[in-house]
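Asker: I would like to see how this sequence folds:
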Amino acid sequence: MILLRKLLFPFAMIYWLVTSIRNYLYDCGFLKSYTFEIPIVAVGNLSVGGTGKTPMIEYLVRLLSENYSVATLSRGYKRQSTGFILADANTDAQTLGDEPFQMHQKFPDVQVAVDADRKNGIEQLLAQSKKPEVILLDDAFQHRKVKAGFYILLTAYDDLFTDDWMLPTGNLRESRSGAARADMIIVTKCPKTIDEIALSEIRKKLKYNKLVFFTAIAYDESVYSADSIKEVSEIKHTPKLLLAGIAKPKPFFAYLQQENDIVLTYPDHHDFSENDIHSIKKQAEDKPIVTTEKDYVRLKNHIPSKQLYYLPIKTSFVSDSKNFDQILLNYVGTSTTNR
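Answerer: As a prediction, this is how the structure comes out:
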């Protein structure tokens, strides 16, 4: 696989050229970016998948929804629908996509919308009788048709964008120089025990004169089904089947796995087929099945509720969380336009 990626380097240069021309056309105004008179925060990355965008959006929802009417807008990756959709009691994971549906389930008072055309999605949200006071754009760093008022760029601790290459040789969607558009950079999925020396080394690598914050994944101490809750300390020592269809599942498995557990890995945003469901049930027999929140919303209508559990995660700041919170609250509180 590594050899194949190296052989594809000429195509990476072509992809770099195409994306660089596109960015230049937006930068010089030949392609128009639209602004809106409402605070808009865009969360995204330069690379493909696995940086923790959804937990970051959830953190922002918790931070802002205490004082503001919040809406989230994403494209709804791999959903079986098109156009603008605003979540309601009749929508499901197939209609919204797994992550937006997960958001809708966790935050029923937040407006959760999907639209591949973010400009249209924002216009539709602002046309609702209940207008949001702030909009969070999920995975919109490259969606330059809309100019957000505040950009948060995520990069994973073990896969920094500064060490990466353009697709298909690496995982970058655009050149590293795209980081210049960010208002801040967050290094996600750090070890909780990371020391100041390691933090300082990473800051030196991120040479873009931006605010840099560091976060870790905080796993819940319990797993949840529709009917019950079990402590991780209990479920960890119970024979079980672990299942994940996320970009980087190793930390999830490491947190829960015992030697004799059955472990199933699927591609990110996997749409489980009838054959998949049959295979999962057959291998699990009567054992508990523990999965991620994202996979749970796709599986919960196909596996008995008493057997299926999920493990929630949150974003946890290594340090400076109060500083981060205040920066975001200041932006939303003082912003009346995104020009």
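
Asker: ok, which stretches of this structure are helices?
Answerer: Per DSSP state H, the chain carries helices over the ranges 2-7, 9-27, 53-64, 93-96, 98-106, 118-126, 196-205, 232-235, 250-256, 274-284, 293-299, 321-334.

Asker: beta partners for Tyr309?
Answerer: Val290 (DSSP bridges).

Asker: thought it was touching Glu293?
Answerer: No - in this structure, Tyr309 is not within contact of Glu293 by CB atoms under 8 Å, at 10.6 Å. In this view, the C-beta of every residue, glycine as well, is placed from N, C-alpha and C.

Asker: how about the helices of the chain, which one is nearest Leu242?
Answerer: Nearest to Leu242, of all the helices of the chain, is helix 250-256, at 5.8 Å by CB to CB.

Asker: could I get the buried residue list for the closest one?
Answerer: By 16 or more other CB atoms under 10 Å, the buried positions in helix 250-256 come out as Pro251, Phe252, Leu256.

Asker: what is the mean pLDDT for stretch 213-226?
Answerer: Mean pLDDT, stretch 213-226: 96.

Asker: for it, buried residues please.
Answerer: Phe213, Phe214, Thr215, Ala216, Ile217, Tyr219, Asp220, Ser222, Val223, Tyr224, Ser225.

Asker: could you do stretch 324-339 as well?
Answerer: Going by neighbour count (16+ other CB under 10 Å), the buried part of stretch 324-339 is Phe324, Ile327, Leu328, Val332, Ser335, Asn338.

Asker: same thing with stretch 32-39?
Answerer: Quick answer for stretch 32-39 (16+ other CB under 10 Å): Phe36, Ile38, Pro39.

Asker: ok, stretch 151-166 next?
Answerer: Those buried within stretch 151-166 under the rule 16+ other CB under 10 Å are 151-157, 159-161, 164-166.

Asker: where does this structure have low pLDDT?
Answerer: Under the criterion pLDDT under 70, the flagged ranges of the chain are 1, 336-339.

Asker: tell me the domain ranges of it?
Answerer: 2-68+133-218+317-334, 221-311 (automatic domain parsing).

Asker: scan the chain for its longest strand.
Answerer: Longest strand of the chain, by residue count under DSSP state E: strand 211-219.

Asker: paired strands for it, with orientation please.
Answerer: strand 184-188 (parallel), strand 313-317 (antiparallel).

Asker: tell me the most buried of those strands?
Answerer: Most buried of those, by mean neighbour count (mean count of other CB atoms under 10 Å): strand 184-188, with a mean of 22.

Asker: tilt between that one and helix 53-64?
Answerer: 120 degrees (axes from the mean of the first three to the mean of the last three CA atoms, to 10 degrees).

Asker: any idea which residue sits dead centre in this structure?
Answerer: Residue closest to the mean C-alpha point of the chain, counted by CA atoms, centre = their mean, is Lys53 at 2.4 Å.

Asker: quick one: residues contacting that residue.
Answerer: Val43, Gly44, Asn45, Asp138, Asp139, Leu154 (CB atoms under 8 Å, 6 or more residues apart in numbering).

Asker: among those, who's most crowded?
Answerer: Most neighbours among the contacts of Lys53, by other CB atoms under 10 Å: Asn45, with 29 neighbours.

Asker: re the thing from before, pick the one among the buried residues of stretch 151-166 closest to Asp115.
Answerer: For the buried residues of stretch 151-166, the nearest to Asp115 is Tyr151 (19.3 Å; CB to CB).

Asker: so what's that closest one bridging to?
Answerer: Applying DSSP bridges, one finds that Tyr151 bridges with Ala42.

Asker: now the longest strand of the chain, how far from the centre of its chain.
Answerer: Offset of strand 211-219 from its chain centre (CA atoms, centre = their mean, to the nearest Å): 13 Å.

Asker: quick one: contacts of it?
Answerer: Counting by CB under 8 Å, 6+ apart, 52, 55-56, 157, 183-192, 194, 199, 202-203, 206, 232, 251, 255, 311-320, 324, 327 sit against strand 211-219.

Asker: pull the CA atoms of it into CSV?
Answerer: Extracted as CSV, the C-alpha positions of strand 211-219 are listed here (Å, rounded to 0.1, in the frame of the first residue of the first chain):
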residue,chain,number,x,y,z
LEU,A,211,-3.3,29.9,18.4
VAL,A,212,-2.7,26.2,19.2
PHE,A,213,-4.8,24.1,21.6
PHE,A,214,-4.5,20.4,22.5
THR,A,215,-7.3,18.0,23.2
ALA,A,216,-7.6,14.3,24.1
ILE,A,217,-10.4,11.8,23.7
ALA,A,218,-12.3,11.4,27.0
TYR,A,219,-14.1,8.0,27.0
